[in-house]
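Asks: A structural model of the following input is requested.
(2 chains)
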Amino acid sequence: MSDKEVIVVSTGTANLASVLAGLNRAGAKPRLSTDVEEITHAKVLVLPGVGAMAAAMENLVRANLVEPLTERIKDGRPTLCVCLGLQLLCKGSEESPDVKGFGVIDDNITRFPDTVTVPQLGWNKVEPYGTCNCVESGYAYFANSFRLEKPPEGWNCSVADHGGQFVASMARGGVLACQFHPELSGKWGFDLLSRWLEASFKTGGRQC
Amino acid sequence: MLTRRIIPCLDVRDGRVVKGIRFQGLRDAGLPEEQARKYEEDGADELVFLDVSATPEGRKTQFETVRKVRAVLSIPMTVGGGVSVVEDAAKLLEAGADKVSINTAAVENPQLLKDMAETFGSQCTVLAIDAKQMKEGSWQTVIKSGKVETGKDVLDWAKEAVALGVGEILLTSWDRDGTRSGYDLDLVEAVSKAVNVPVIASGGANTPEQLVEAIEAGADAVLAASIFHDGDTTSTKLKEYLQSKQIEVRL
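Replies: Sure, this is the predicted structure:
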């Protein structure tokens, strides 16, 4: 394993180029993989968000990745979950009612209300929730129709507002799950990625 | 709260940025990756790249261009121009586009929008509509860079496309495009009311006041090209003006 290597879980059809480019810019050496051993033992891992919940879970189940990913996240090992990556941590989602998520978070994902534009596409103000210091106040880029409404207990969260408060990010141990796209969030996102990568390589990601 | 976006649009031909009005008198304006980086530094919220290559050979450079821009750009990028099948969109996304915009091909085959939304998600699927006014409060969709009238009512088409899974509408007034005479506000308002997805107003931007008007008419984002061409203004300057009018922006 080379220095600063980051394993990116290749979950399916959608675009991974932005995540790879963002990790490159932040000084990491990203490599795509679906290999169970590699993903189990990767020092630093990224689970990017792609497509719909059902399609993503189907791909992860087929690749035997649900259990290793769930264990990593429960153990708090350095894992960055982006967009749908955050939603996969929950029990389930309105988007795909027949499909189970990892269940690390005992809550369900719901759709934004019709009173606001859906999908949420654009920059929204992110604020730390409670005492969280993982994510600083700033503007992040979102592209999602579904969200987790309530900050889960035991996680350090940040929140934003789109037809009501929702979870923008949540962190526990070395795990950072972002509903927004840090790789598309300009300098603010670059700084967050850089901080998280540095902490992950130095101390196993514990930053809160 | 979700902020309103300013989106510079760059026309790319044969791998170079070109500037002109209604594709007339095009002049070379440099490398896409250099222009992209400059626009990001100047405060752009995202970028739209439209490939206006005249030949299939010129269009083949599009993927390489997207790759080069992606390497340096840390804001979202929508790419359009010449996408006619799902595989075209897949290649653009693989090269680093975040959203793909479809225009002519969607009118000719609306199923393409459904296939794209199911394959990549609504948030990746942008419908570009070129709207030509027929009479007050009524517009029809034109395609092939405005050369062909389809008879398709713009409001009906927008609603149909959203039902098929489109996640954003890039709405260009053909009558105003490149004229610097201001957005067609009636058009922006009518489409924004007809659908629940974000609407990007395009065509005619010249002054900061006109951006405010489009946002007040319901646009979630405003797209402009010629206003940025001569370096008179930047996204940051425009957003400072928007903020002074109590519009929430990312500064």
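Asks: Just the buried residues of whichever strand or helix holds B:K38, please?
Replies: B:K38 belongs to helix B:32-41 when assigned by DSSP states H and E. Within helix B:32-41, the residues that count as buried by 16 or more other CB atoms under 10 Å in any protein chain shown are B:P32, B:E33, B:Q35, B:A36, B:Y39, B:E40. (Glycine included, C-beta is placed from N, CA and C.)
Asks: for stretch A:145-153, same thing?
Replies: Neighbour-count burial for stretch A:145-153 flags A:S145, A:F146, A:R147, A:L148, A:P151, A:P152 (criterion: 16+ other CB under 10 Å).
Asks: wait, doesn't the second one sit right on A:I109?
Replies: To tie it back to what came earlier, the one meant is A:F146. Yes - applying CB atoms under 8 Å, one finds A:F146 in contact with A:I109, separated by 4.9 Å.
Asks: Identify the contacts common to the two.
Replies: A:M53, A:Q87, A:S93, A:E94, A:E95 (CB atoms under 8 Å, 6 or more residues apart in numbering or on different chains).
Asks: List the residues that contact the residue nearest to B:E40 when sequence neighbours are not counted.
Replies: Using CB to CB, 6 or more residues apart in numbering or on different chains and skipping the chain neighbours, the partner closest in space to B:E40 is B:I75 (5.4 Å). Applying CB under 8 Å, 6+ apart to B:I75 gives the contacts A:Y141, A:L184, A:S185, A:G186, B:E40, B:A44, B:D45, B:E46, B:L47.
Asks: burial measure for A:A54, as a count.
Replies: For A:A54, the count of nearby residues is 14 (other CB atoms under 10 Å in any protein chain shown).
Asks: For it, what are phi and psi?
Replies: phi -60, psi -40 (degrees, to the nearest 10).
Asks: My read is that it contacts A:V99, right?
Replies: Yes - at 4.7 Å, A:A54 and A:V99 qualify as touching, with contact defined as CB under 8 Å.
Asks: Endpoints of stretch B:110-130, how far apart?
Replies: End-to-end distance for stretch B:110-130: 15 Å, by CA to CA, to the nearest Å.
Asks: Now for the residue of the stretch 151-251 of chain B found nearest chain A: which residues touch it?
Replies: Using CB to the nearest CB, the single residue of the stretch 151-251 of chain B nearest to chain A is B:R250, 4.1 Å away. When the contact criterion is CB under 8 Å, 6+ apart, the partners of B:R250 are A:W123, A:Y139, B:T3, B:R5, B:D45, B:K239.
Asks: And for B:E46?
Replies: Going by CB under 8 Å, 6+ apart, B:E46 touches A:Y141, B:R5, B:I7, B:I75, B:P76, B:M77, B:T78, B:D98, B:A221.
Asks: Can you show me the strands along the stretch 51-200 of chain B?
Replies: Applying DSSP state E, counting those that start in this stretch to the stretch 51-200 of chain B gives strands spanning B:77-80, B:99-102, B:125-135, B:138-143, B:148-153, B:168-173, B:199-202.
Asks: would you turn those into a markdown table with distance to A:F190 and mean neighbour count?
Replies: Output for those, formatted as a markdown table (distance: least, CB to CB, whole Å; neighbours: other CB atoms under 10 Å in any protein chain shown):
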| stretch | distance to A:F190 | mean neighbour count |
| --- | --- | --- |
| strand B:77-80 | 16 | 24 |
| strand B:99-102 | 20 | 25 |
| strand B:125-135 | 25 | 22 |
| strand B:138-143 | 39 | 20 |
| strand B:148-153 | 42 | 14 |
| strand B:168-173 | 24 | 26 |
| strand B:199-202 | 25 | 29 |
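Asks: Reformat the ones you listed as a markdown table; add distance to chain A.
Replies: Output for the strands of the stretch 51-200 of chain B, formatted as a markdown table (distance: least, CB to the nearest CB, whole Å):
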| stretch | distance to chain A |
| --- | --- |
| strand B:77-80 | 8 |
| strand B:99-102 | 8 |
| strand B:125-135 | 9 |
| strand B:138-143 | 21 |
| strand B:148-153 | 22 |
| strand B:168-173 | 6 |
| strand B:199-202 | 8 |
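Asks: mind putting those in CSV, mean pLDDT included?
Replies: CSV is the format used below for these (pLDDT from 0 to 100):
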stretch, mean pLDDT
strand B:77-80, 96
strand B:99-102, 96
strand B:125-135, 96
strand B:138-143, 96
strand B:148-153, 95
strand B:168-173, 97
strand B:199-202, 97
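Asks: Which positions in chain B make contact with chain A?
Replies: Taking CB under 8 Å from any CB of the partner chain as the contact definition, chain B meets chain A at B:1-5, B:40, B:45-46, B:67, B:70-76, B:90, B:93-98, B:119-124, B:167-168, B:196-198, B:220-221, B:248, B:250.
Asks: mind redoing it with 7 Å?
Replies: Residues of chain B lying near chain A by CB under 7 Å from any CB of the partner chain: B:1-3, B:5, B:45, B:70-71, B:74-76, B:93-96, B:98, B:119-124, B:167-168, B:196-198, B:220-221, B:250.
Asks: Show me the shaky parts of the chain.
Replies: Chain wasn't specified; assuming chain A. Flagging of chain A using pLDDT under 70 yields the residue ranges A:1-2, A:12-15, A:50, A:132-133, A:204-208.
Asks: Not quite, go with chain B.
Replies: Within chain B, the ranges that satisfy pLDDT under 70 run B:20-25, B:54.
Asks: the helices in chain B, which residues?
Replies: B:32-41, B:56-72, B:86-95, B:104-108, B:111-120, B:154-164, B:185-194, B:208-216, B:226-229, B:235-244 (DSSP state H).
Asks: show me what contacts the residue nearest to B:R70 when sequence neighbours are not counted?
Replies: With CB to CB, 6+ apart as the criterion, B:R70 has its nearest non-adjacent residue at 2.7 Å, and that residue is B:G96. Contacts here follow CB atoms under 7 Å, 6 or more residues apart in numbering or on different chains; on that basis B:G96 touches A:A17, A:S18, A:A21, B:V66, B:R67, B:V69, B:R70.
Asks: touching chain B at all, the strand or helix carrying the third one?
Replies: I take that to be A:A21. A:A21 is part of helix A:17-25, with elements assigned from DSSP H and E. Yes - using CB under 7 Å from any CB, helix A:17-25 reaches chain B at A:A17, A:S18, A:A21, A:G22, A:R25.
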